[in-house]
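Chemist: here's a sequence, model it:
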Amino acid sequence: MALGAKVVIYDDAGEYMALGLADLLSAAGVTVELVTPRLYVGEDVAPTLQLPDIMPKLIAGGVTMTAQTFVDFVDGDSVGLVDGWAQTSTRRIDRVGTVVLSLLRLPDDALYRQLAPHFHDIQRVGDALAPRSPAAVIYEGEEIGRAL
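Modeler: All right, here's what the predicted structure looks like:
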């Protein structure tokens with residue numbers, strides 16, 4: 001695989017994207033470590049009840065899940081980890097082919113701006129306002145739909 005045999009995914013967003021990528025890569029035979037500074041991996045996915053579906057897949061795929069930990073450095077093919085509470089170096093992961101950063105996203109309202117001059121009443125939801133989870137977007141869409 002072009003990403004290398006070992007991938008570290010640093011998930012600061014806590015959403016499904018990093019979990020889904022870890023599942024996809026591990027199913028393709030890649031060794032994956034999912035690192036997050038959050039209390040646990042997939043923290044923002046738990047309220048949407050998706051963890052019971054994805055966690056068994058990650059475990060079966062051999063994905064290493066490391067929570068309450070920050071990436072301290074990326075140096076060549078090595079990644080250093082730091083404990084989130086003690087702020088001390090915990091370990092070094094060597095022979096890493098790729099580091100994937102799953103971070104916060106920026107809003108994109110280009111479609112809204114393109115359509116707004118042509119419609120009397122048009123609403124922005126989801127990532128057009130501010131990046132958010134699919135569950136939040138569905139809630140917003142339903143709220144607007146009920147108001148119509």
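
Chemist: let me see the ranges of the strands in this protein.
Modeler: Listed in chain order, the strands of the chain (DSSP state E) span 6-11, 31-35, 64-66, 69-75, 78-83, 89-93, 98-102.

Chemist: in the chain, where's the longest helix?
Modeler: Using DSSP state H, we find that the single longest helix of the chain is helix 134-147.

Chemist: and the pLDDT at the residue nearest the centre of the chain?
Modeler: Residue closest to the mean C-alpha point of the chain, counted by C-alpha atoms, centre = their mean, is residue 18 at 3.5 Å. Per-residue pLDDT puts residue 18 at 95.

Chemist: got any ranges where this structure has weak pLDDT?
Modeler: Within the chain, the ranges that satisfy pLDDT under 70 run 1.

Chemist: could you list the domains of it?
Modeler: Split into domains by automatic domain parsing, the chain comes to 6-102, 110-147.

Chemist: any idea which of those is most buried?
Modeler: The highest mean neighbour count among these, using mean count of other C-beta atoms under 10 Å, belongs to domain 6-102: a mean of 17. Yep, even glycine has a C-beta here, placed from its N, CA and C like the rest.

Chemist: sounds good, over and out.
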